[in-house]
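# Have a look; sequence and predicted model below, questions after that.
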Amino acid sequence: KAGVTQTPRYLIKTRGQQVTLSCSPISGHRSVSWYQQTPGQGLQFLFEYFSETQRNKGNFPGRFSGRQFSNSRSEMNVSTLELGDSALYLCASSLDSTNEKLFFGSGTQLSVL
Amino acid sequence: QQQVKQSPQSLIVQKGGISIINCAYENTAFDYFPWYQQFPGKGPALLIAIRPDVSEKKEGRFTISFNKSAKQFSLHIMDSQPGDSATYFCAAKAAGNKLTFGGGTRVLVKP
């Protein structure tokens, strides 16, 4: 069974640009969560989607947004990039929004120059 | 407050030794406490988890001890192996699948 797939693996952008990251959950998993990992702030929750609906949102500015498609694949978008947005963005999937076992992908490493 | 405090930030243990990582939380609404293991270049992987109605859970060489009254929980890695060298994160969950993570502990097991 394939794991959580995140693309691209690495991304370099400049300040002010926008970026879209993609996540394909494990087959059969319907809940997708996104986390930001930085050396300074650690792992922080961004948002969770289930059945194409945002169920939870973390304390991030509105520049961070996401969506989920009918096949459970998810994308997150960051607009007007700032230097501080440089981070590893991790996607995690679970069977549903009540199943606590999260399976993480390897992440997308975003560098903002 | 939704914080989870983890210590130590790093530790070095000899092969065969015991690694102990501690976490403390404030929010009594947390009802699920997982530990994740992360290797460089990889995402975190679920190692073991516990609920607050259980004081201890053991899976192989990994044991979680949970103290509900003190709002603390810890991970013990018995017979530590070089392959256990990784960063370990404790976490806590309240409603939904939103995990609040501790700051991480980098464990180095020396052969």
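Cool, got the structure. Numbers count the residues shown, from 1 in each chain, chains lettered A, B, ... in the order given.
# Give me the secondary structure label for the closest residue to chain A within chain B.
Proximity to chain A, evaluated over chain B using Cβ to the nearest Cβ, is greatest for residue B:43 at 3.2 Å. (C-beta placed from N, C-alpha, C; glycine too.) What DSSP: H, G, I helix; E, B strand; the rest coil gives for residue B:43 is coil.
# Leaving out the residues flanking it, which one is nearest to it?
Once flanking residues are discounted, residue B:43 sits nearest to residue A:104: 3.2 Å by Cβ to Cβ, 6 or more residues apart in numbering or on different chains.
# Tell me which stretches of the chain form strands.
As the question left the chain open, I've gone with chain A. A:5-7, A:10-13, A:19-24, A:31-38, A:42-50, A:53-57, A:64-68, A:74-78, A:87-94, A:103-104, A:108-112 (DSSP state E).
# look at chain B instead
Using DSSP E, strands in chain B cover B:4-7, B:10-14, B:19-25, B:33-38, B:45-50, B:56-59, B:62-67, B:72-77, B:86-93, B:99-101, B:105-110.
# Between the ones you listed, which one is closest to residue A:49.
strand B:99-101 (15.0 Å; Cβ to Cβ).
# I'd like to know which elements the closest one is packed against.
Contacts defined by 3 or more Cβ pairs under 8 Å, 6 or more residues apart in numbering or on different chains; DSSP states H and E place strand B:99-101 against strand A:42-50, strand B:86-93.
# thinking again about what came up before, need the strands of chain B in CSV with mean pLDDT and mean neighbour count, can you?
Putting the strands of chain B into CSV (pLDDT from 0 to 100; neighbours: other Cβ atoms under 10 Å in any protein chain shown) gives the following:
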stretch, mean pLDDT, mean neighbour count
strand B:4-7, 96, 18
strand B:10-14, 97, 13
strand B:19-25, 97, 20
strand B:33-38, 97, 22
strand B:45-50, 96, 17
strand B:56-59, 96, 12
strand B:62-67, 96, 18
strand B:72-77, 98, 20
strand B:86-93, 97, 23
strand B:99-101, 95, 23
strand B:105-110, 97, 17
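# quick one: which of these is nearest residue A:33?
Per Cβ to Cβ, nearest to residue A:33 of the strands of chain B: strand B:99-101, 7.8 Å.
# Would you give the sheet partners of that closest one, along with the direction of each?
Counting by DSSP bridges, the strands paired with strand B:99-101 are strand B:86-93 (antiparallel).
# low pLDDT regions in chain A?
A:1 (pLDDT under 70).
# one more time with 90, if that's ok
A:1-2, A:40, A:96-101 (pLDDT under 90).
# from it, which residue is nearest to chain B?
Residue of chain A nearest chain B, by Cβ to the nearest Cβ: residue A:104 (3.2 Å).
# For that residue, give me its contacts.
A:4, A:35, A:90-92, B:36, B:43-45 (Cβ atoms under 8 Å, 6 or more residues apart in numbering or on different chains).
# now those residues: which count as buried?
A:4, A:35, A:90-92, B:36, B:43-44 (16 or more other Cβ atoms under 10 Å in any protein chain shown).
# residues contacting residue B:82?
B:15, B:109-111.
# and with 10 Å instead?
By Cβ atoms under 10 Å, 6 or more residues apart in numbering or on different chains, the contact list for residue B:82 reads B:15, B:108-111.
# Quick check: the residue of chain B closest to chain A touching residue A:34?
No - using Cβ atoms under 10 Å as the test, residue B:43 is too far from residue A:34 to be in contact (11.7 Å).
# Mind listing the shared neighbours of the two?
By Cβ under 10 Å, 6+ apart, the residues touching both residue B:43 and residue A:34 are A:6, A:90-92.
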